[in-house]
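S.K.: Provide a 3D model corresponding to the input given below.
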Amino acid sequence: MAISKREEGKKVNSNINVTPMVDVMLVLLIIFMVITPMLNNKVVVDLPKVAAAVIMEDANKEDAITVAVTRDGKTFLGGDQVTKEDLTAKVSDLLAKKTDATADKSVYLRADIRSSYGVVMDTIDAVRAAGVSQLNLLTDMNTTE
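M.R.: Sure, this is the predicted structure:
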């Protein structure tokens with residue numbers, strides 16, 4: 001019995017080509033960079049534009065309580081649609097979950113510019129009934145001046 005030796009094994013390239021993996025990762029990075037800002041504002045509303053807007057960085061926090069009123073009068077708590085009757089109970093539950101003593105009991109309201117004034121006032125009344133210490137109305141900065 002003779003032992004045969006393979007000479008073909010010397011021709012095999014054992015290097016790993018990582019270029020396709022890098023391409024896929026860059027595409028995923030770009031997708032996540034585009035999608036992430038849209039995840040914060042789950043409900044699309046056209047905010048009123050004002051000249052003296054104050055930047056509220058706390059509104060972008062993950063644990064911020066955000067109420068949105070759309071132009072057709074629907075009310076949303078975060079990304080979930082709620083009725084005005086349920087809004088008070090749900091906001092007070094979210095405020096009770098903020099156990100940190102330094103946590104502020106504030107709510108951010110995003111109302112569409114074309115929504116009815118009465119609907120916005122009913123929403124404000126329901127939020128205030130939940131024991132909110134501060135209600136912040138979110139607007140956009142007027143950049144035409």
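
S.K.: can we go C-alpha only for contacts and neighbour counts from here?
M.R.: OK.

S.K.: which residues are in contact with the biggest helix by length in the chain?
M.R.: When the chain is parsed with DSSP state H, its longest helix is helix 19-40. Helix 19-40 is touched from outside by Asn60, with contacts defined as Cα atoms under 8 Å, 6 or more residues apart in numbering.

S.K.: Quick one: mean pLDDT over that helix.
M.R.: Across helix 19-40, pLDDT averages out at 85.

S.K.: can you check stretch 74-81 too?
M.R.: pLDDT averaged over stretch 74-81 gives 89.

S.K.: first vs last residue of that stretch, how far apart are they?
M.R.: 7 Å (Cα to Cα, to the nearest Å).

S.K.: for it, which positions count as buried?
M.R.: By 16 or more other Cα atoms under 10 Å, the buried positions in stretch 74-81 come out as Lys74, Thr75, Phe76, Leu77, Gly78, Gly79.

S.K.: Tell me which two in these are the farthest apart.
M.R.: The largest separation in the buried residues of stretch 74-81, counting by Cα to Cα, is between Lys74 and Gly78 at 12.5 Å.

S.K.: coming back round to it: what is the subsequent helix or strand relative to the longest helix of the chain?
M.R.: Proceeding N to C from helix 19-40, the next assigned helix or strand is strand 49-50, under DSSP states H and E.

S.K.: now for that next one, which elements pack on it?
M.R.: Here strand 49-50 touches strand 140-141, going by 3 or more Cα pairs under 8 Å, 6 or more residues apart in numbering; DSSP states H and E.

S.K.: what mean pLDDT does the strand it packs on have?
M.R.: Across strand 140-141, pLDDT averages out at 85.
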